[in-house]
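*Asks:* What follows is a protein structure lacking sequence information:
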């Protein structure tokens, strides 16, 4: 009996082990659920509602997930039924903004979508078709570097294809049909040496077709139809030795197509319909042995149809209607049609009949000269009027605009300062209870700080000294003292301060008001500005990390992630570069020209140091550039991390959660600013790491409970 129980238990153990060994990783399932949320819960993903099932074994005609070694390797989601064909929306109805019931909402971010997909580290096949995805393809598309097949067709992608696509060296097939991509043919495609299929149909590409050196020789399928390509078809296309299918239809191509294209040894399908191709094809044109489908209809070809393209030749399917060929004339235009079209003159039959009725050229010239004179007088009048109205305000407005545009804002996205949409959105986010920004008198601030006594000094840095004070009503405040050059007029300075005052959010240390000391007085070359903030009683994040907080509590890894993601803290020192950009020296002889302000090209770079402090502690992170050059390279392996990462973190983290934060931290310090992640991207990685950490802790608690 005991033996039976033993074997039963052994069998049960092996069965459960086998089940868990082949089940999808929990972290991969979390990524799929995050994707469902970002795609705004499409109905076809309702099959994922039962999170207890293994997504690798749940599929439908519209959704399929394939896994290898417990990791997602293929993900296919279609936004239309399997018996339907996706249709592109009229290009005139899409202008780069979301369309109700057709695209995903204003809240959708393609940056975040790509960031989420990059967490599927074994993904080889990605197909997201007709799901209302909108926006320009971001540079971070390169993060999907394991992909071999990508299909984002019939969405609302616009703009140009980023050059970073060429870094996805594993790509074998790319399908971006039915979007709104434009510009010239993307550069760097020739670097994709494994690419066999490239389809960019039904977009807005223009300019010349790519020459041979811009295409990989591995191509088997090339679809560029329904775009706005012009010019001639490159002669060297026939040198793409493996090319079997070529579709250049519905463009504006002209000239005579290269004859060698028809005789290529690999070509099976050639579609040139609906272009402006002209001239005559030789009667004895050689056609390749594999050429089975040819369409040269709706062009400007003249002469005879080549013998190898006649219906009697080798059972080929050939279409040639709408030309000026000397065959089946009922379906051809008259010769005059093709001659005029070849010259670039759009004509109809009635135009040829009425061509004798021409306008008097003297009248036309008179109208043109009169129009030019009128425009010249109008422009001169406008310039004179503009100078009179704008002479005073122009310099200050230019200075203010340059300040907002060229200088990053430490601790808060600089885009917020120039985007009315983001400012208005920030204003809506829970600003109830935040005091109204007001003016303080200098006497009021002197009284609050006991005449700025040394005992009230609580900080000092490149942007000035910070004092703690108490207002007459008992409110604790923090006062930052800045010295600003008088190259800014008082009006300009007030405009800058007003801009800073608009940044109000529950997770920003509230700017209560300001004071400009010596306003209207001639007391040197600078103005003294005092920014009055709410006083944060619980200390700062750095002191908590070092264990010097008010309660001497050392933050574990889960606590640090919660602070960074759940908004438990408030961000200070945001936007100071708007008004303090010209400070030359601080008390230590360093200022804006120092390492920090000189190199922080954007706020993501700056936020990277907050992440770095969370990983290694304030003392190590304070070495900044030295740390980045030396120890950052030691994050590679688990053994090397033990030498650098804060011991408190190592004792309380899961390795997968730690790896996620190390990865995104490194990206924050990329030398090229365009390669750095967006704040949405950083936040997603933080939330993802927190989910992994929480899941690990729950698993550990279950094990302990079972052990008891």
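*Replies:* Arrived safely, thanks for sending. Predicted, not measured: the structure shown is a model, and the values here were computed from it.
*Asks:* right, and residue 557 touches residue 647 too?
*Replies:* No. Using CB atoms under 8 Å, residue 557 is not in contact with residue 647, being 11.1 Å away. Using the backbone N, CA and C atoms, a C-beta is placed for each residue, glycine as well.
*Asks:* Quick one, grab the pLDDT at residue 685.
*Replies:* Note on residue 685: pLDDT of 86.
*Asks:* got the contact list for the residue nearest to it when sequence neighbours are not counted?
*Replies:* In space, and not counting its chain neighbours, residue 685 is closest to residue 664: 4.0 Å by CB to CB, 6 or more residues apart in numbering. By CB atoms under 8 Å, 6 or more residues apart in numbering, residue 664 lies in contact with 611, 677, 681-682, 685-686.
*Asks:* One more pass at 10 Å, please.
*Replies:* 115, 604, 608, 611, 677, 681-686, 688-689 (CB atoms under 10 Å, 6 or more residues apart in numbering).
*Asks:* Which of the helices or strands spans it?
*Replies:* helix 655-668 (DSSP states H and E).
*Asks:* tell me the contacts of the one residue sitting closest to the centre of the chain?
*Replies:* Nearest to the geometric centre of the chain sits residue 138, at 3.3 Å (CA atoms, centre = their mean). Each residue near residue 138 by CB under 10 Å, 6+ apart is listed here: 109-115, 159, 162, 164, 674, 677-678, 681.
*Asks:* Could you tell me which of those residues belong to strands?
*Replies:* residue 159 (DSSP state E).
*Asks:* Can you say which of the contacts of residue 138 are buried?
*Replies:* By neighbour count, with 16 or more other CB atoms under 10 Å, the contacts of residue 138 hold 109-115, 159, 162, 164, 677-678, 681 as buried.
*Asks:* Excluding chain neighbours, what is closest to residue 334?
*Replies:* residue 324 (6.8 Å).
*Asks:* hang on, isn't the one you found packed against residue 332?
*Replies:* Yes. Taking CB atoms under 10 Å as the definition, residue 324 is a contact partner of residue 332 at 5.7 Å.
*Asks:* Identify the contacts common to these two.
*Replies:* Counting by CB under 10 Å, 6+ apart, the residues touching both residue 324 and residue 332 are 301-302, 338.
*Asks:* Where helices are concerned, which of the residues you listed count?
*Replies:* Cross-referencing the shared contacts of residue 324 and residue 332 against helices under DSSP state H gives residue 338.
*Asks:* Between the shared contacts of residue 324 and residue 332, which sits nearest residue 120?
*Replies:* residue 301 (49.4 Å; CB to CB).
*Asks:* Now do that closest one, the pLDDT please.
*Replies:* In this model, residue 301 is scored at 94, pLDDT.
*Asks:* next one: phi and psi at the nearest residue to it once chain neighbours are set aside?
*Replies:* Spatial nearest neighbour of residue 301, chain neighbours left out: residue 323 (4.2 Å); criterion: CB to CB, 6+ apart. As for residue 323, its main-chain torsions (degrees, to the nearest 10) stand at phi -110, psi -150.
*Asks:* Report how many residues lie close to residue 323.
*Replies:* Each residue near residue 323 was counted by other CB atoms under 10 Å, and the total is 23.
*Asks:* sorry, back to before: wait, which of the contacts of residue 138 is closest to residue 63?
*Replies:* Taking CB to CB as the measure, residue 63 lies nearest residue 113 of these, at 16.5 Å.
*Asks:* Surely that closest one touches residue 39?
*Replies:* Yes. Look at residue 113 against residue 39 with CB under 10 Å: they come within range, at 7.8 Å.
*Asks:* so what sits against both of the two?
*Replies:* Both residue 113 and residue 39 are in contact with 104, 128, 131, 133, where contact means CB under 10 Å, 6+ apart.
*Asks:* which one of the residues you listed is nearest residue 515?
*Replies:* Using CB to CB, residue 104 comes nearest to residue 515 of those, at 46.4 Å.
*Asks:* wait, what's in contact with the closest one?
*Replies:* If you count contacts by CB under 10 Å, 6+ apart, residue 104 has them with 38-40, 42, 98, 110, 113, 131-135, 155-156.
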